[in-house]
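No letters, just coordinates:
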């Protein structure tokens, strides 16, 4: 009989053998759970640290706004053009230096230099011709401005009061007519609303100290228009003694005549200077306002009396001061302004003369009297500005 390959064993023996093997394994290799847990934790921490070091936080990139291609090309083109111009100038300079060193001449350059020199001389000749003409005109004006006035009319007032008034009424119309024409012709070529100022001071061969002043002042925002400005001018003329006193600091009184009408009047003023000298004025004043279809305007004219039988000049006691003035007030709409209201333009011409005197008066005192007229004109204008509600100017 054949025997089985595996010999059966008792089950209990097999169980004992398994238990013995497991017991040996536990004794030979014990496991420390705490150490194992600590090691695992440390490995995880080190892994996290290494990850943090290896992978830093990335910052958000700031993108600059790019220029348009067309803009960049324009800038590059401009830079190249500037560089080309500089190089061309440098090349021209080098060529000129080379020609000079060789003793040669550049025909084109020589012709250009000669042409420029000729043009420069021509321009200078034009300036000299203009200066010569202005000098001749000035010389003529200096010789005749104190002898023949632009509104020339000989004014003689008699002792009779009715005749005096009649004389002023007869003189009024031509005086205003001449004053208006003179201002209009003196303003030719000027901008109608542009501000302008010109003044001349000189001494005549006869020893008179003269002052000629021409100015134009635009007044914007005037309520009442031309009429309001004319009323302000008349008010300033009526209070001339106050204006002169405030401007000069010298006491001025008005020796009134009874010739006082709405459109013509006489002003006789006497001023005592700080050194005790007396200065006298004998003036007549005329005004006119016109409102026609062609436009509105106002004109005033003032002139000194040549002879006054009732109130003669006193050359042995007083210094004589003559004055002639013309004022034209017009209205213009300036197309360069946004305001629809017209601009009131005051154009003035004035001539003042401190007449030669036999009194012992220092020259500096006479010059101060002459220069006072400019300050009086500015004070009168400030009075007008204040009367029409505009701020004063220094």
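Okay, I see it. Keep in mind that this is a model prediction, so the values were computed, not measured. Residues are numbered from 1 along each chain as shown.

Averaged pLDDT, the helix or strand harbouring residue 134. What do you get?
Here residue 134 is covered by helix 107-144, with elements defined by DSSP states H and E. What helix 107-144 shows for mean pLDDT is 82.

likewise stretch 174-181?
Stretch 174-181 shows a mean pLDDT of 95 in the predicted model.

Need the contact partners of it.
Outside stretch 174-181, the residues within contact range by Cβ atoms under 8 Å, 6 or more residues apart in numbering are 150-153, 286-288, 297, 299-301, 303, 326-328. (Glycine included, C-beta is placed from N, CA and C.)

Wasn't residue 289 part of a strand?
Yes: assigned with DSSP: H, G, I helix; E, B strand; the rest coil, residue 289 falls within a strand.

quick one, what contacts the spatially closest residue to it that is not a sequence neighbour?
Beyond its immediate neighbours in the sequence, the residue positioned closest to residue 289 (Cβ to Cβ, 6 or more residues apart in numbering) is residue 298, lying 4.8 Å away. Residues in contact with residue 298, defined by Cβ under 8 Å, 6+ apart, are 226, 227, 229, 230, 233, 287, 288, 289, 290, 328, 329.

Which helix or strand contains the residue nearest to the last one when sequence neighbours are not counted?
In space, not counting the residues next to it along the chain, residue 329 is nearest to residue 298; the distance is 4.1 Å by Cβ to Cβ, 6+ apart. Remark: residue 298 resides in strand 295-304, with elements defined by DSSP H and E.

give me the low-pLDDT residue ranges for this structure?
Under the criterion pLDDT under 70, the flagged ranges of the chain are 1-65, 99-106, 108-109, 141-148, 257-260, 336-340, 394.

what about the spatially most central residue of it, distance to residue 217?
With distances taken as Cα atoms, centre = their mean, the chain has residue 195 as the residue nearest its mean C-alpha position (10.9 Å). From residue 195 over to residue 217 the distance is 6 Å, taken as Cβ to Cβ, to the nearest Å.

and what of residue 378?
Look at residue 378 and residue 217: by Cβ to Cβ, they are 10 Å apart.

same thing with residue 121?
In this view, residue 121 and residue 217 are 41 Å apart by Cβ to Cβ.

ok, the two, which is more surrounded?
With neighbours defined as other Cβ atoms under 10 Å, residue 121 and residue 217 compare such that residue 217 has more, 16 against 10.

isn't there a helix covering that one?
No: the assignment for residue 217 (three-state DSSP) gives strand, which keeps it out of a helix.

ok, and the closest non-adjacent residue to it?
Excluding its sequence neighbours, the residue lying closest to residue 217 (Cβ to Cβ, 6+ apart) is residue 346, at 4.9 Å.

what about residue 356, how many neighbours?
For residue 356, the count of nearby residues is 17 (other Cβ under 10 Å).

Count the residues that sit near the residue nearest to it when sequence neighbours are not counted.
Sequence neighbours aside, residue 207 is the residue nearest to residue 356 in space, at 3.6 Å (criterion: Cβ to Cβ, 6+ apart). Residue 207 sits with 12 neighbouring residues when counted by other Cβ under 10 Å.

ok, back up a step: quick one: contacts for the residue nearest to the centre of the chain?
216, 217, 218.

From residue 379, how far off is it?
Summarising the geometry, the distance separating residue 195 from residue 379, computed by Cβ to Cβ, is 18 Å.

One more: residue 186?
Counting by Cβ to Cβ, the gap between residue 186 and residue 379 amounts to 23 Å.

circling back: any chance of CSV for the contacts of residue 195, columns distance to residue 241?
Conversion of those to CSV gives the following (distance: Cβ to Cβ, whole Å):
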residue, distance to residue 241
216, 27
217, 23
218, 29
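
Out of those residues, which comes closest to residue 239?
Comparing these against residue 239 with Cβ to Cβ places residue 217 closest, at 19.7 Å.

Which residue ranges of the stretch 201-350 of the chain form helices?
If you assign secondary structure with DSSP state H, counting those that start in this stretch, the helices in the stretch 201-350 of the chain sit at 225-238, 240-248.

Determine the three-state secondary structure at residue 159.
coil.

Touching, it and residue 309? I think so.
Yes: when contacts are counted by Cβ atoms under 8 Å, residue 159 is listed as touching residue 309 (4.5 Å).

In stretch 342-362, which residues are buried?
By neighbour count with 16 or more other Cβ atoms under 10 Å, stretch 342-362 contains the buried residues 342-357, 361.

repeat for stretch 387-394
387, 388, 390.

now stretch 212-226
Buried residues in stretch 212-226, counting neighbours by 16+ other Cβ under 10 Å, are found at 212, 213, 214, 215, 216, 217, 218, 219, 222, 225, 226.

list the contacts for residue 264?
168, 169, 172, 284, 285, 286, 287.

List buried residues within the residues you listed.
Buried subset of the contacts of residue 264 (neighbour count, 16+ other Cβ under 10 Å): 168, 172, 284, 285, 286, 287.
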